[in-house]
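Trainee: pasting the sequence and the predicted coordinates here, then a few questions.
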Amino acid sequence: MNILLFLPYYARWHYTRALNDMLSNYKHFLVFVFSFFSIGALFNTLFAPWKRLGETYSGGFDLENLLGSFIVNTLMRILGFCIRFLVIILGFIVMLIVAILGVCVLCIWVLLPALLPFVFVLSITKLLAL
């Protein structure tokens, strides 16, 4: 096939179907990171005890058992909050990195056909300089 006949088809594919596929992949990467870190589930259980650990109160009025159960349960909730909060922050940081890299890749993809003739001319000039 003649290269001059191929170029319009390639340009149309590059800026329509391929660009739509890349945008779809970009969206799926962001959804994957959100799901991988379970950010929605962690927000729903933010104040739950860590690993469901805690003391059960046996009943009656025993101040020592009551305070012991309260302190252990409070510490487990604080630990659960801290760990879940750190994982949520880490998930958002990774999502931000993926978003920035995705925008960079999309910009490179859009500019790639314009770079091809530039690189070709540059390589010819370097070869002629030898």
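Mentor: Cool, the structure landed.
Trainee: the nearest residue to residue 45 once chain neighbours are set aside and residue 19, how far apart?
Mentor: The shortest distance from residue 45 to any non-neighbouring residue, by CB to CB, 6 or more residues apart in numbering, is to residue 84 (6.9 Å). Using the backbone N, CA and C atoms, a C-beta is placed for each residue, glycine as well. Applying CB to CB, to the nearest Å, the value for residue 84 to residue 19 is 38 Å.
Trainee: more neighbours, these two?
Mentor: Counting neighbours by other CB atoms under 10 Å for residue 84 and for residue 19 shows that residue 84 has the greater number, 21 against 14.
Trainee: please identify the helix or strand for that one.
Mentor: According to DSSP states H and E, residue 84 maps onto helix 63-129.
Trainee: mind giving me the packing neighbours of that helix?
Mentor: Judged by 3 or more CB pairs under 8 Å, 6 or more residues apart in numbering; DSSP states H and E, helix 63-129 is in contact with helix 3-15, helix 17-36, helix 39-44.
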